[in-house]
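Student: One predicted model, sequence on top.
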Amino acid sequence: MSQILSEVLAANAEYVANFGDKGQLALPPARHFAILTCMDARLDPAKYAGLSEGDAHVIRNAGGRASDDAIRSLVISYKLLGTREWFVIHHTDCGMELFSNEIMGNLLASSLKTATIDANGWHDSGVGEGSGEGRYIQWLTIPQREQSVVEDVKRIRNHPLVPNDIPIYGYIYDCKTGRLVEVPEATEAGRSA
Ligand code: ZN
């Protein structure tokens, strides 16, 4: 068994031992809201937004972007599970600011090993087979932080399956302080009608 696997299973055994009455929680989120945010390991939405089990939906992907799949989850979140307010939360120092579709396509075409980055940019070992498939994927990178929040809030706001009475708030999490900083243009664009 890998060390990670045994650590995770040990942590889970501890969690189960202290699970308390959480088995009684209802399926719909009790506080009726959802957060779309980045998968970055430094971000813990339960802590930065004060969530307990059963409180809210948290949808995560690379960048916290409003991808088709993120929107799929948000639509389920309101239509079947009753959320009434949504947050789009990107963050400072996001890895999605560090590459472009072209760079990613080239790295994957070079090999499927983990790439490295230094002052001169990304480098690939070139060891082993790569694949050109990466050139067909829209990686939803982040050239400008505030703008990506605005774009994502607007995309969700204008989506035909999203009702106009759900407010969408746009924020950037500051990795240096833990603070959520509003992107006023995004929140304005996400205003409910
Ligand atoms: Zn990120």
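Tutor: Everything's here; your move.

Student: what residues does the helix or strand A13 falls within touch?
Tutor: Element membership of A13 [criterion: DSSP states H and E] is helix 3-17. Contacts to helix 3-17, defined as Cβ atoms under 8 Å, 6 or more residues apart in numbering, come from no residue at all. Every C-beta, even on glycine, is put in place using the N, C-alpha and C of the backbone.

Student: Run through who's touching the next helix or strand along the chain from it.
Tutor: Next helix or strand after helix 3-17 toward the C-terminus (DSSP H and E): strand 33-38. Contacts with strand 33-38, where a contact means Cβ under 8 Å, 6+ apart, come from 43, 45, 49, 56-64, 66, 70, 73-74, 77-78, 83-91, 94, 96, 152, 156, 173.

Student: Whichever helix or strand comes after strand 33-38 near the ion at all?
Tutor: Once strand 33-38 ends, the next helix or strand along the chain (criterion: DSSP H and E) is helix 45-48. No - using Cβ under 5 Å from the ion, helix 45-48 stays clear of the ion, coming no nearer than 12.5 Å.

Student: Could I get the average pLDDT for stretch 82-94?
Tutor: Mean per-residue pLDDT for stretch 82-94: 98.

Student: before we move on, what about stretch 104-113?
Tutor: Rounded mean pLDDT across stretch 104-113 is 98.

Student: buried ones in it?
Tutor: Within stretch 104-113, the residues scored as buried using 16 or more other Cβ atoms under 10 Å are 104-111.

Student: Relative to the ion, which of those residues is nearest.
Tutor: Nearest to the ion among the buried residues of stretch 104-113 is M104, at 14.7 Å by Cβ to the ion.

Student: Can you name the residues of the chain that neighbour the ion?
Tutor: 38, 40, 94.

Student: Show me the domain layout of this protein.
Tutor: 28-95+141-193, 100-138 (automatic domain parsing).

Student: Quote the end-to-end distance of the first one.
Tutor: One end of domain 28-95+141-193 to the other measures 24 Å (Cα to Cα, to the nearest Å).

Student: Out of the domains of the chain, which one sits most buried?
Tutor: Mean neighbour count (mean count of other Cβ atoms under 10 Å) peaks for domain 28-95+141-193 among these, with a mean of 18.

Student: Looks like Y169 contacts G190 (just checking).
Tutor: Yes - with contacts counted by Cβ atoms under 8 Å, Y169 reaches G190, the gap being 6.2 Å.

Student: what residues are shared contacts of the two?
Tutor: 86, 88, 153.

Student: Between those residues, which sits nearest the ion?
Tutor: Within the shared contacts of Y169 and G190, the smallest distance to the ion is 12.6 Å, found for V88 (Cβ to the ion).

Student: got the contact list for that closest one?
Tutor: By Cβ under 8 Å, 6+ apart, the residues touching V88 are 36-37, 64, 66, 149, 152-153, 156, 168-171, 186, 190.

Student: Regarding it, which helix or strand does it belong to?
Tutor: With DSSP H and E as the test, V88 turns up in strand 85-91.
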